[in-house]
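S.K.: 3D, please:
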Amino acid sequence: GLQKELQKVGSDAVGIVTDAAHRTKHKIQQTFYGGDVEDDYCATETTPGDFFLQIIEAKNVPQCDVLSLSDPFVDCYFSKRVDSQKFCRISKAIFRTTVKMDTDHPIWNEIINLKCVPPAESYLTLCMYDSDFDEHDALKSKSIIGRVDIPVDQLTDDAVHTANVHVLAKLKTQPENVLLSFRRMYADSQLASPPKEKTFFLIRHGESKWNKAEHDKNIKEFLAFDHPLSDEGFRQADELRA
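M.R.: The predicted structure follows:
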């Protein structure tokens, strides 16, 4: 169940695909507070505990690479406002999603435990970056795409929030309508009741030329390197899609 899955979540993001984005409750938030730079750490009293966050997806991510789309990931932490334009990070740790390669519509569906209870009047800060890797596939550098800052007291239920990203990347054309979707998740069923049942379908591919050759005992047709769908397989796929 969801509670058991949440208990397994450690300091790293894990790819737990859920139907969270399709829940009936959905909030569109338009007013967020974007700082202009990454935040320095400032010591603040925080309470150990669980704060589960699901990073769902981003849309219209601007292209930050010359020859390909961006390779985005999201860093998550708590912050507090210093002044009208500046925040400081109050979480000791920064929690990170996986990297989605070469895309302007990354879909994460990842659950992160920020492992502390934020104090009143704090913010959840989500910084989206474009990543670059070295020849050993290790993260070599990151460049800021943009960020979202939302008061924690707005995250009182498990509704999905879709936020306008405050774009900080230096681009020739400023992109519009860059969106990031996320929601708080609760392990305590008193606050939110996750679905108790899920329905999934196991679908076999349509008949392939291999299947037909096996049925017809046609040895010659077995010798192909790859076996696409047969005419009957295409008919089956079209029928299922309809």
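S.K.: return the helix or strand in the protein with minimum mean pLDDT.
M.R.: Among the helical and strand segments of the chain, the one scoring lowest on mean pLDDT, DSSP states H and E is strand 26-29, with a mean of 34.
S.K.: need the helices for the chain, in chain order.
M.R.: 2-8, 209-216, 219-222, 231-241 (DSSP state H).
S.K.: for residue 128, what are its contacts?
M.R.: 58, 61, 72, 73, 74, 144, 145, 146, 147, 165, 180 (C-beta atoms under 8 Å, 6 or more residues apart in numbering). C-beta: built from backbone N, CA, C; applies to glycine.
S.K.: out of the residues you listed, which is nearest to residue 123?
M.R.: Nearest to residue 123 among the contacts of residue 128: residue 147, at 10.4 Å, using C-beta to C-beta.
S.K.: give me the number of residues near the closest one?
M.R.: 28 (other C-beta atoms under 10 Å).
S.K.: who does it form a beta bridge with?
M.R.: According to DSSP bridges, the residues that bridge with residue 147 are residue 127, residue 166.
S.K.: for it, give me the pLDDT.
M.R.: In this model, residue 147 is scored at 93, pLDDT.
S.K.: that one contacts residue 125, doesn't it?
M.R.: Yes. A contact is recorded between residue 147 and residue 125 when judged using C-beta atoms under 8 Å, the distance being 6.4 Å.
S.K.: identify whichever of the helices of the chain lies nearest to residue 68.
M.R.: Comparing the helices of the chain against residue 68 with C-beta to C-beta, the closest turns out to be helix 231-241 (31.1 Å).
S.K.: report all helices and strands that the closest one contacts.
M.R.: Counting contacts by 3 or more C-beta pairs under 8 Å, 6 or more residues apart in numbering; DSSP states H and E, helix 231-241 packs against helix 209-216.
S.K.: quick one: average pLDDT of the helix it packs on?
M.R.: Along helix 209-216, the predicted local confidence has a mean pLDDT of 84.
S.K.: next: stretch 165-185.
M.R.: Mean pLDDT, stretch 165-185: 89.
S.K.: buried residues in that stretch?
M.R.: Using 16 or more other C-beta atoms under 10 Å as the test for burial, stretch 165-185 gives 165-169, 175, 178-185.
S.K.: closest one to residue 220 out of those residues, please.
M.R.: For residue 220, the closest of the buried residues of stretch 165-185 turns out to be residue 181, at 51.9 Å, with distances computed as C-beta to C-beta.
S.K.: what comes up buried for stretch 120-128?
M.R.: By 16+ other C-beta under 10 Å, the buried positions in stretch 120-128 come out as 122, 123, 124, 125, 126, 127, 128.
S.K.: in contact with the second one, which residues?
M.R.: Contact analysis of residue 123 by C-beta under 8 Å, 6+ apart lists 33, 78, 79, 80, 81, 87, 149, 150, 151, 152.
S.K.: where is pLDDT lowest across these?
M.R.: residue 33 (36).
S.K.: doesn't residue 58 make contact with residue 177?
M.R.: No. Checked against C-beta under 8 Å, the pair residue 177 and residue 58 is beyond contact range at 11.2 Å.
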